[in-house]
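[1] pasting a predicted model and its sequence here:
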Amino acid sequence: MNKVILLGRLTRDPEMKNTTTGKAVTRFSLAVDRRFKNKDGQKEADFINIVVWGKQAEFAAQYLTKGSQISLSGRLEARSYEAQDGQRRYITEVVADEINFVSSGQKSSNAGAGFQQTSAPQSANNNNMSVMGLDEDFHLMADDDDIPF
């Protein structure tokens with residue numbers, strides 16, 4: 001089984017492009033806090049590359065900005081390609097199937113298409129927009145300062 005669930009903030013504005021066949025693809029990076037602090041007591045984050053396809057890619061490009069907090073689910077994908085310099089490059093990224101908009105960051109004025117700001121996160125899953133609440137297990141992933149390592 002290949003299933004990834006993440007909660008984090010966008011580190012940059014999404015970049016949308018169209019493939020040669022006209023399909024939309026949007027890429028962005030997500031900063032995801034680690035559950036535990038390091039030996040110096042500081043929080044650390046992982047920066048994870050995200051890819052979204054189709055209508056969902058269009059919505060992500062239009063409504064997400066740097067700093068937006070989202071949760072997403074998808075699959076981990078590893079691929080390689082030959083760069084212009086002849087070197088083989090390897091990429092690992094998450095291909096998102098579902099995006100939940102937890103907070104909108106700076107673009108609060110673009111509240112169309114079901115993305116109004118409410119206390120409940122918004123969800124973009126395939127071509128369907130619906131309000132989704134976070135379950136209790138999801139909230140339990142907050143920091144756990146009592147663990148000694």
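    Perfect, I can see it now. Please read all numbers here as calculations on a predicted model, not as lab measurements.
[2] could you use CA atoms for every contact and neighbour count after this?
    Fine.
[3] can you map out the helices along the protein?
    Ranges of helices within the chain are 54-63, 136-139, based on DSSP state H.
[4] how about those helices in CSV, adding mean neighbour count, mean pLDDT and distance to Y81?
    Compiled in CSV, the helices of the chain are given as follows (neighbours: other Cα atoms under 10 Å; pLDDT from 0 to 100; distance: least, Cα to Cα, whole Å):
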stretch, mean neighbour count, mean pLDDT, distance to Y81
helix 54-63, 20, 94, 23
helix 136-139, 10, 33, 36
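[5] can I get these in TSV with distance to L72?
    TSV is the format used below for these (distance: least, Cα to Cα, whole Å):
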stretch	distance to L72
helix 54-63	12
helix 136-139	12
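[6] between the ones you listed, which one is nearest to L30?
    Proximity to L30 (Cα to Cα) singles out helix 54-63 among these, at 12.8 Å.
[7] tell me the helices and strands packed up against that closest one.
    The helices and strands touching helix 54-63, judged by 3 or more Cα pairs under 8 Å, 6 or more residues apart in numbering; DSSP states H and E, are strand 15-18, strand 24-33, strand 122-125.
[8] can I get those in a markdown table with mean neighbour count, distance to I91 and mean pLDDT?
    Shown next, in a markdown table, are these (neighbours: other Cα atoms under 10 Å; distance: least, Cα to Cα, whole Å; pLDDT from 0 to 100):
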| stretch | mean neighbour count | distance to I91 | mean pLDDT |
| --- | --- | --- | --- |
| strand 15-18 | 16 | 17 | 98 |
| strand 24-33 | 21 | 13 | 97 |
| strand 122-125 | 22 | 25 | 46 |
